[in-house]
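**Student:** A predicted structure for the sequence below; I have some questions about it.
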Amino acid sequence: MPIAKKINKNFFKKWTPEMAYVLGFFAADGYITVNRRGGQFWCIDITDRKLIELIRETIKSEHKISTRKRHKNKYTSYRLQIGSIEMCNDLRRLGFNERKTKSMAVPNVSQKYFSDFVRGYFDGDGHVWMGIINKERTTPHIIIQTVFTSCSKKFLETLNEMLNYREITKGRILKGKGNYYRLAYSVSDSLKLYTFMYNGWVSRNLYLKRKKIVFERYMKLRL
């Protein structure tokens, strides 16, 4: 009989900064699966090894991280799979099920930790871009844009509304070329998003450094 692996099964029962971040990341890059024998698993599948190791440490898990080659071996993805009916039911209670891709809605996140949830989702299905426009002019203009992506338009609409309450007000929802939508913010709101996501107490350094660095590079160029 296999030895049960340790895990904090109460992790999704109580709101904490760590729980909100992992829940946001799960909303972006996680899923629940049930096998033929009735076993229930929640999984996170990403390409950043250090971050998935930090998430595993945060939930006090001893589960193995598996690796898989993707897109003709162009890159490696890392998967953390947790077998726990109790934790899967907690995720369902928070609004996530086996078919969450198009039906997903923003859970009733504790307002105290909403920034952690947004940062988690941003690290999973968000993008920040900095570039130069009007290159042909004498003084080219450097801009920054922040985007959240989802197959659920309802999720992005609710996220946009909740960010409006925090004076991040100029988001636009656009239909992508594929079966997805984009919630995009331009320069002023991108800077507000940076403050909202990072300027509080960021628990256990739970964020993708490469995304945070883009914001900081832009702010240095503006000085």
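**Tutor:** Done, it's in.
**Student:** following the lowest-mean-pLDDT helix or strand in the chain, which helix or strand shows up next?
**Tutor:** Within the chain, no helix or strand scores below helix 100-103, which has a mean of 69 by mean pLDDT, DSSP states H and E. Proceeding N to C from helix 100-103, the next assigned helix or strand is helix 114-125, under DSSP states H and E.
**Student:** sheet-wise, list the partners of whichever helix or strand comes after that following helix with their directions.
**Tutor:** Later in the chain than helix 114-125, the nearest helix or strand by DSSP H and E is strand 126-133. Strand 126-133 pairs in its sheet with strand 141-150 (antiparallel), by DSSP bridges.
**Student:** can I get the partner strand in CSV? Just the C-alpha atoms.
**Tutor:** As requested, the backbone C-alpha atoms of strand 141-150 are provided in CSV (Å, rounded to 0.1, in the frame of the first residue of the first chain):
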residue,chain,number,x,y,z
HIS,A,141,7.0,57.2,-27.0
ILE,A,142,7.5,54.3,-24.5
ILE,A,143,4.3,52.6,-23.3
ILE,A,144,3.3,49.7,-21.1
GLN,A,145,0.3,47.5,-21.4
THR,A,146,-1.1,44.9,-19.0
VAL,A,147,-3.4,42.1,-20.2
PHE,A,148,-5.4,39.4,-18.4
THR,A,149,-6.6,36.5,-20.6
SER,A,150,-9.4,34.0,-20.2
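**Student:** which parts of that strand are buried?
**Tutor:** I144, T146, V147, F148, T149, S150 (16 or more other CB atoms under 10 Å). Every residue, glycine included, has its C-beta placed from N, CA and C.
**Student:** which residue packs closest to the one residue sitting closest to the centre of the chain, ignoring adjacent ones?
**Tutor:** Residue closest to the average C-alpha location in the chain (CA atoms, centre = their mean): Y121, at 2.0 Å. Spatial nearest neighbour of Y121, excluding adjacent residues (CB to CB, 6 or more residues apart in numbering): G24 at 4.0 Å.
**Student:** please tell me how far that neighbour sits from E216.
**Tutor:** 21 Å (CB to CB, to the nearest Å).
**Student:** which one's more surrounded, those two?
**Tutor:** Shown here are G24 and E216; by other CB atoms under 10 Å, G24 has more neighbours (29 against 12).
**Student:** how far does the helix or strand that contains L91 sit from its chain's centre?
**Tutor:** Element membership for L91 (DSSP H and E) is helix 85-93. Computed by CA atoms, centre = their mean, to the nearest Å, the chain-centroid distance of helix 85-93 equals 19 Å.
**Student:** restricting to C-alpha, output that helix in CSV.
**Tutor:** Below are the C-alpha coordinates for helix 85-93, written out as CSV (Å, rounded to 0.1, in the frame of the first residue of the first chain):
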residue,chain,number,x,y,z
ILE,A,85,-11.3,14.8,-2.5
GLU,A,86,-11.5,17.2,0.4
MET,A,87,-9.4,19.9,-1.4
CYS,A,88,-11.2,19.4,-4.7
ASN,A,89,-14.5,19.9,-2.8
ASP,A,90,-13.1,23.1,-1.3
LEU,A,91,-12.2,24.3,-4.8
ARG,A,92,-15.7,23.5,-6.0
ARG,A,93,-17.1,25.4,-3.1
